[in-house]
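*Asks:* Compute the structure for the input listed below.
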Amino acid sequence: MSPNSGPGPIALVGAGEFLPGMAEFDGQLLEAVGRPRPRVVLLPTASQPDGETAMQRWAAMGVEHFATLGAEVEPVLVRDRAGADDAAHAQAIGEADLIYVGGGRPRYLVETLEGSRVGRALWDASRAGAIVAGCATGAMALADRQWNFRRRVLPWPLRWHPGLGVVSGVAVIPNYDARPEPLCALLALQAPRGSVVIGIDEQTAVVGRDGAWQVHGRARVTVWRGRHRERYRSGEAFRL
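*Replies:* Numbers count the residues shown, from 1 in each chain. Model prediction:
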């Protein structure tokens, strides 16, 4: 994860943001920035449907976590569409070295940011070299497509909705090792044709740039290409 010109790295985390087990990995993300005191922006929008307390708690945990690692940290509390079109919020995103997108309700996050100033600032920052990280359902939202169960007795077939598209051609299953493998296989096999599905275990991350991806953390990443399943552990790499 070394800095250079062009689009920045994308980090997709299975679960466990701000926990001690992720400190080493997050420290590596900050080192990749190449500055003595990197600027980190936290985006907790996906947690807003769970209430203001949940959003504030997530932001406070992130500030403490990244400040301990030596970063300058700013939570950007985009609660709704009006906040997503706020010029100051968009400016904060544009000035970040690392943008960390939290979990919660991924569809709410996408609907709030899509076509907004903050959404465009996130996209532009990534293309200009900033690191963009998403954890759990935040990782789902960064992908090209995201899934959700139908609210009825039978959840199948899944509904697939557009993500933010920061990672094209990909769908993400976070918390992969916390779900039964047969369920994960069903999710992967229901993905839109041509999509690659990345299953990421808890306290595990995959970092991609220019089509090359590498696994970091304690467990595994599972990649589904149609019916074909591949497993990768920390330090191993693959291409999309």
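*Asks:* CA only for contacts and neighbour counts going forward, please
*Replies:* OK.
*Asks:* Over stretch 103-114, what's the mean pLDDT, rounded is fine.
*Replies:* Averaged over stretch 103-114, pLDDT sits at 94.
*Asks:* do the same with stretch 182-198
*Replies:* pLDDT averaged over stretch 182-198 gives 92.
*Asks:* Now do the end-to-end distance for that stretch.
*Replies:* End-to-end distance for stretch 182-198: 15 Å, by Cα to Cα, to the nearest Å.
*Asks:* Going forward, the N-terminal residue is numbered 693.
*Replies:* Let's use 693 as the start, then, which means that last one is stretch 874-890.
*Asks:* Check the offset of it from the chain's centre.
*Replies:* From the chain centre to the centre of stretch 874-890 is a distance of 18 Å (Cα atoms, centre = their mean, to the nearest Å).
*Asks:* quick one: buried residues of it?
*Replies:* Neighbour-count burial for stretch 874-890, counted by 16 or more other Cα atoms under 10 Å, picks out Cys876, Ala877, Leu879, Ala880, Leu881, Gln882, Ala883, Pro884, Ser887, Val888, Val889, Ile890.
*Asks:* In terms of secondary structure, what does the helix or strand containing the last one contact?
*Replies:* With secondary structure defined by DSSP states H and E, Ile890 is part of strand 888-892. Judged by 3 or more Cα pairs under 8 Å, 6 or more residues apart in numbering; DSSP states H and E, strand 888-892 is in contact with strand 859-865, strand 912-917.
*Asks:* Can you give the contact residues for the longest helix that the chain contains?
*Replies:* In the chain, taking DSSP state H as the definition, the longest helix is helix 744-760. Under the criterion Cα atoms under 8 Å, 6 or more residues apart in numbering, residues 710, 715, 718, 732, 734-737, 739-740, 764-767, 769, 794 lie in contact with helix 744-760.
*Asks:* Who wins on neighbours among these?
*Replies:* In terms of neighbour count, Gly794 stands highest of those at 29 neighbours, by other Cα atoms under 10 Å.
*Asks:* Look up how far Val770 lies from it.
*Replies:* Taking Cα to Cα, one finds Gly794 at 12 Å from Val770.
*Asks:* Mind listing the shared neighbours of these two?
*Replies:* Leu735, Pro736, Thr737.
*Asks:* Is it correct that the first one is in contact with Val768?
*Replies:* Yes - if you go by Cα atoms under 8 Å, Leu735 and Val768 touch, sitting 5.5 Å apart.
*Asks:* Show me the shaky parts of this structure.
*Replies:* Applying pLDDT under 70 to the chain flags residues 693-697, 841-849.
*Asks:* Need phi/psi at Ile702.
*Replies:* phi -110, psi 130 (degrees, to the nearest 10).
*Asks:* Revised request: answer the last question for Pro712.
*Replies:* The phi/psi pair for Pro712 (degrees, to the nearest 10) is phi -50, psi -30.
*Asks:* still on that earlier bit, helix or strand right after the longest helix of the chain?
*Replies:* Helix 744-760 is succeeded, C-terminally, by strand 764-767 (DSSP H and E).
*Asks:* Just the C-alpha atoms of that next one, please, in PDB.
*Replies:* Taking Å, rounded to 0.1, in the frame of the first residue of the first chain, the C-alpha atoms of strand 764-767 are listed here in PDB:
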ATOM      1  CA  GLU A 764      -6.000  14.100  12.400                       C
ATOM      2  CA  VAL A 765      -9.700  12.900  12.500                       C
ATOM      3  CA  GLU A 766     -12.900  14.600  11.600                       C
ATOM      4  CA  PRO A 767     -16.400  13.000  11.600                       C
END
